[in-house]
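Novice: quick one, fold the following:
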Amino acid sequence: MRLIRKEHIKAADVERVDVGTNHNMPNALIHHRPTTGLQAKFSMEFCLGVLLLYGKATLVEFQDEVVNRPEVQAMLRRVNFYVDPDAEKAGFDKMTTILRVHLKDGRTISGRADFGKGSPADPMSYEEVAEKFLGNAAFAKWPKEKAETIVNLVRTLERVDDARKKMESGAKSSPKASGCSKQQAVAMALTSPGSTSIGAARPTSKPVA
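Specialist: Predicted coordinates:
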């Protein structure tokens, strides 16, 4: 994604994309021509295709309707996913990915990453985690105000004396909240009755540096 943004690469300008990894990654990313949202989650071709087309790969993109759009199916056929010798030599303690984007004007733009964004070696910032959380919350049809309250609370959680007071706009008061810790109060607000779970979208209690 960083390469696409840095070089201002547009899907319409792309002739072909070569993406090379070690041989372990194709064992997991097994769907080269996905037709469902579930298959798309295990497809390198789809992930690169939607990043080029839409500049993002969120829950919205991993829906059957999006996967089967003509422009998506056409784009993923331009992606060549293969085992690269250099990625293989890098070792299996990394997720080395070598990218070569061949443009219609004859240029080739290349990039390499040894670790995925969000890994300990390349962590997401708090703002990036919050953006993902807000997107997932919107997908789950959570009230925007409630989601933003959680983001703002967690940002300063370690400095909050009573998390329950700050969560009043995000969840109803509950007898079970009495005496709970700050982290428990946040968790209760996230999973309060009538709320839609958004699972792994929750930011952690501390900003990721």
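
Novice: which residues touch stretch 87-94?
Specialist: 20-24, 96-98, 114-115 (CB atoms under 8 Å, 6 or more residues apart in numbering). C-beta: built from backbone N, CA, C; applies to glycine.

Novice: can you put those in JSON lines and add pLDDT and distance to residue 64?
Specialist: Formatted as JSON lines, the contacts of stretch 87-94 follow (pLDDT from 0 to 100; distance: CB to CB, whole Å):
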{"residue": "20", "pLDDT": "96", "distance to residue 64": "29"}
{"residue": "21", "pLDDT": "96", "distance to residue 64": "26"}
{"residue": "22", "pLDDT": "94", "distance to residue 64": "30"}
{"residue": "23", "pLDDT": "94", "distance to residue 64": "30"}
{"residue": "24", "pLDDT": "93", "distance to residue 64": "28"}
{"residue": "96", "pLDDT": "93", "distance to residue 64": "32"}
{"residue": "97", "pLDDT": "93", "distance to residue 64": "27"}
{"residue": "98", "pLDDT": "94", "distance to residue 64": "31"}
{"residue": "114", "pLDDT": "88", "distance to residue 64": "33"}
{"residue": "115", "pLDDT": "87", "distance to residue 64": "31"}
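
Novice: could I get those residues as TSV with secondary structure, distance to residue 139 and neighbour count?
Specialist: Listed next are the contacts of stretch 87-94 as TSV, based on DSSP: H, G, I helix; E, B strand; the rest coil; distance: CB to CB, whole Å; neighbours: other CB atoms under 10 Å:
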residue	secondary structure	distance to residue 139	neighbour count
20	strand	32	20
21	strand	28	22
22	coil	32	21
23	coil	34	12
24	coil	30	13
96	coil	31	21
97	strand	27	21
98	strand	32	19
114	coil	31	16
115	coil	27	15
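
Novice: wait, doesn't residue 97 sit right on residue 22?
Specialist: No. Counting by CB atoms under 8 Å, residue 97 sits too far from residue 22 to count as a contact (9.1 Å).
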